[in-house]
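Sharing a sequence plus its predicted fold:
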Amino acid sequence: QVQLVESGGGLVQAGGSLRLSCAASGRTIGTYAMGWFRQAPGKEREFVGTIKWSGGNTYYTDSVKGRFTISRDYATVFLQMNSLKPEDTAVYYCASSQQRILRLSAYDTSAAYDYWGQGTQVTVSS
């Protein structure tokens, strides 16, 4: 079992920045990747980005490329969000994958992840 706890959400004005954290504990030794997803009201959960647990390679959805950065420090994964837009408003979830998938881009689906955090709200005002 892996436990994930997100923090760092809040209210920010458009153009501002936030950094989300995801602290992983438990059986992290079998982790292959950590991902971030988000879900806006009335919409389906969507992929934001992912980072390989070993090596640190990252992959992002097009809408956040150049604005969001994922990094890892031991068992904590960060999502640095810059130049935030109102459409970034959502509940953000981190997720852990214990599935070995060859292509990093294939971690862009919820099915690739085994454990999820409780989510943290990010609200961007215009």
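Arrived safely, thanks for sending.

Could I get the pLDDT score of the residue nearest to the spatial centre of the chain?
Nearest to the geometric centre of the chain sits residue 36, at 1.8 Å (C-alpha atoms, centre = their mean). Looking at residue 36, its pLDDT stands at 98.

Show me what the helix or strand that it is a member of is packed against.
According to DSSP states H and E, residue 36 maps onto strand 33-39. Packed against strand 33-39 by the contact rule (3 or more C-beta pairs under 8 Å, 6 or more residues apart in numbering; DSSP states H and E) you find strand 18-26, strand 46-52, strand 68-73, strand 76-81, strand 90-97. Quick note: C-beta positions are derived from backbone N, CA and C, even for glycine.

Could you point out which of those strands sits nearest residue 104?
Of all these, strand 46-52 sits nearest to residue 104, with 6.2 Å by C-beta to C-beta.

Name the strands paired with that closest one and say parallel or antiparallel.
Partners of strand 46-52 in the sheet, by DSSP bridges, are strand 33-39 (antiparallel), strand 58-60 (antiparallel).
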